[in-house]
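Undergrad: fold the following, please.
(one chain, ligands or ions: 1)
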Amino acid sequence: MNPIYLALDLPRLDAAIALAQKVKGHIGGLKLGLEFFCAHGHHGVHEVAKVGLPIFLDLKLHDIPNTVAGAMQAIHVLEPAIVTVHASGGRAMMEDAKAAAGEHCKVVAVTVLTSLDDSDLAATGVGGSSHDQVLRLADLAAEAGLDGIVCSGHEVGEVHRRWKNGYFVVPGLRPAEAALGDQKRAVTPRQARDAGASVLVIGRPISRAEDPVAAARAIEGTL
Ligand SMILES: O=c1ccn([C@@H]2O[C@H](COP(=O)(O)O)[C@@H](O)[C@H]2O)c(=O)[nH]1
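TA: Got it, this is the predicted structure:
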């Protein structure tokens with residue numbers, strides 16, 4: 001199965017659908033995040049689902065357990081394949097999110113955003129390295145009964161060794177020649193795949209490429 005999920009971080013619904021239609025032969029799923037959901041809501045998700053690929057709702061839910069469980073129930077109708085919550089919301093929040101998720105929906109916990117490095121973490125009051133924080137939150141997510149986590153390609157190898165049957169979503173991926181932008185803990189798609197990633201999230205290297213189909217095909221060809 002193709003592990004690439006294309007992040008459709010585009011302001012216009014018609015442009016997002018057109019891009020998804022163009023590259024659908026070279027990807028395995030579509031990731032809709034906060035930007036998309038705030039702009040287009042349930043209607044937008046239904047429209048993108050017509051492309052015929054699995055939908056990953058990257059909503060990064062983070063609130064008290066009751067509120068997150070309510071949000072999970074509210075999105076059942078969209079039948080997402082994957083939904084994200086923040087691991088830093090705590091064990092009870094993750095347990096309630098999983099209990100409220102649909103039967104076929106994987107719930108994965110964001111550990112440390114790939115846009116953060118150790119100094120960013122220190123500024124939020126988290127001591128130690130981003131690597132250690134990812135491992136700590138991965139253990140918590142496993143204890144809470146989640147399906148897996150979101151982490152960078154730098155940590156996925158070790159998390160995979162500790163959590164054999166986990167489901168690992170890796171964003172912050174850049175082909176060697178691509179600009180990093182706001183991503184600070186980036187690796188190539190191939191490196192992430194070799195280290196044990198289950199899902200490779202790729203946005204701008206495809207969506208902002210001059211030829212998105214050629215970019216998606218080239219990335220697929222490296223895997
Ligand atoms: O730690 C995280 C969690 C989520 N993301 C999301 O992945 C994509 C990456 O897009 P690129 O354009 O390939 O950088 C984006 O939708 C993020 O919200 C992440 O990057 N890091």
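
Undergrad: only C-alpha atoms for contact and neighbour calcs from this point on.
TA: Noted.

Undergrad: where does the nearest residue to G33 once chain neighbours are set aside land in three-state SS?
TA: Residue nearest to G33 in three dimensions, not counting chain neighbours: D58, with 4.6 Å by CA to CA, 6 or more residues apart in numbering. The three-state label for D58, taken from DSSP: H, G, I helix; E, B strand; the rest coil, comes out as strand.

Undergrad: tell me the contacts of D58?
TA: By CA atoms under 8 Å, 6 or more residues apart in numbering, the contact list for D58 reads 31-34, 82-84.

Undergrad: report the buried residues of the longest helix seen in the chain.
TA: Criterion DSSP state H: the longest helix present in the chain is helix 34-49. Buried residues in helix 34-49, defined by neighbour count with 16 or more other CA atoms under 10 Å: 36-37, 40, 44-45, 48-49.

Undergrad: am I right that V83 falls within a strand?
TA: Yes. Assessed by three-state DSSP, V83 belongs to a strand.

Undergrad: what about it, neighbour count?
TA: 26 (other CA atoms under 10 Å).

Undergrad: about what we covered before: and the buried residues of helix 34-49, which is closest to G172?
TA: F36 (18.3 Å; CA to CA).

Undergrad: can you give me every residue that contacts that closest one?
TA: 8-11, 44.

Undergrad: now the buried members of those residues.
TA: Buried by 16+ other CA under 10 Å: 8-10, 44, out of the contacts of F36.

Undergrad: can you narrow those residues to ones near the ligand?
TA: D9 (CA under 6 Å from any ligand atom).

Undergrad: which of the buried ones among the contacts of F36 sits closest to the ligand?
TA: Closest to the ligand out of those is D9 (5.9 Å), distances taken as CA to the nearest ligand atom.

Undergrad: the chain: strands as residue ranges?
TA: Using DSSP state E, the strands of the chain run over 4-7, 29-33, 55-61, 82-86, 106-110, 148-150, 167-170, 199-202.

Undergrad: which bits of this structure sit near the ligand?
TA: The chain comes close to the ligand at residues 7, 9, 33, 113-114, 171-173, 201-204, as judged by CA under 6 Å from any ligand atom.

Undergrad: mind putting the residues you listed into JSON lines with distance to D63 and pLDDT?
TA: Compiled in JSON lines, those are given as follows (distance: CA to CA, whole Å; pLDDT from 0 to 100):
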{"residue": "A7", "distance to D63": "24", "pLDDT": "98"}
{"residue": "D9", "distance to D63": "23", "pLDDT": "96"}
{"residue": "G33", "distance to D63": "17", "pLDDT": "96"}
{"residue": "L113", "distance to D63": "17", "pLDDT": "97"}
{"residue": "T114", "distance to D63": "21", "pLDDT": "97"}
{"residue": "P171", "distance to D63": "23", "pLDDT": "98"}
{"residue": "G172", "distance to D63": "24", "pLDDT": "97"}
{"residue": "L173", "distance to D63": "28", "pLDDT": "97"}
{"residue": "V201", "distance to D63": "24", "pLDDT": "98"}
{"residue": "I202", "distance to D63": "27", "pLDDT": "98"}
{"residue": "G203", "distance to D63": "26", "pLDDT": "97"}
{"residue": "R204", "distance to D63": "29", "pLDDT": "96"}
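
Undergrad: alright, that wraps it up for me.
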